[in-house]
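Visitor: Need a 3D model of the sequence below.
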Amino acid sequence: MNHDMTPEINLPEVLAEVAAACARYEDALVHNKVEVLDELFWNSPHTLRYGATENLYGYEAIQAFRAARPSQGLAREVLRTAITTYGRDFATAHIEFRREGSAKTGRQSQTWMRTGQGWRVVAAHVSLLA
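Guide: Residues are numbered from 1 along each chain as shown. Down below sits the predicted model:
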């Protein structure tokens, strides 16, 4: 591997952009702003989301899941956030969270890509620890 090709990690302005996109996503998630959640996922058949109970392949499947999901019980506390940017157009964001009234810790991983429309989630995974 040519180490000269390694992208710059956590450029401050790029990190700030991704952190803002992640904060917007979190706000939309806990307040059930489905249109914002839909906007922040890349509209592509290549996009995927592994949820706590479902595997969704493609933007349309993710959008259909969100439209059908109950809007109750979405409040959660973010326990830890780790965002890493790679160059100017790619990033990962990971959080640990706890739902209100639950003893289980949840984990959310997102892969973000800069698109012509802004930062979009291209892959996501949510799971719970017993």
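Visitor: tally of neighbours for residue 102?
Guide: 13 (other Cβ atoms under 10 Å). C-beta here means a position set from N, CA and C on the backbone, and glycine is covered the same way.
Visitor: How are the helices of the chain distributed by residue range?
Guide: Ranges of helices in the chain, per DSSP state H, are 12-30, 34-40, 59-68.
Visitor: List just the one of those that sits closest to residue 78.
Guide: helix 12-30 (6.8 Å; Cβ to Cβ).
Visitor: and the closest one with helix 59-68, angle?
Guide: 50 degrees (axes from the mean of the first three to the mean of the last three Cα atoms, to 10 degrees).
Visitor: Need the contact partners of helix 12-30.
Guide: Helix 12-30 is contacted by residues 33-34, 36-37, 40, 74-76, 78, 81, 83, 85, 87-88, 91, 93, 95, 110, 112, 118-119, 121 when judged by Cβ atoms under 8 Å, 6 or more residues apart in numbering.
Visitor: Report the mean per-residue pLDDT for it.
Guide: Taken as a whole, helix 12-30 carries a mean pLDDT of 97.
Visitor: before we move on, what about stretch 87-106?
Guide: 94.
Visitor: can you pull the buried residues of that stretch?
Guide: Within stretch 87-106, the residues scored as buried using 16 or more other Cβ atoms under 10 Å are 90, 91, 93, 95, 97, 106.
Visitor: would a markdown table of the helices of the chain with distance to residue 102 and mean neighbour count be doable?
Guide: Formatted as a markdown table, the helices of the chain follow (distance: least, Cβ to Cβ, whole Å; neighbours: other Cβ atoms under 10 Å):
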| stretch | distance to residue 102 | mean neighbour count |
| --- | --- | --- |
| helix 12-30 | 14 | 16 |
| helix 34-40 | 21 | 15 |
| helix 59-68 | 21 | 15 |
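Visitor: okay if I get these as JSON lines plus distance to residue 52?
Guide: Below are these laid out as JSON lines (distance: least, Cβ to Cβ, whole Å):
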{"stretch": "helix 12-30", "distance to residue 52": "13"}
{"stretch": "helix 34-40", "distance to residue 52": "16"}
{"stretch": "helix 59-68", "distance to residue 52": "12"}
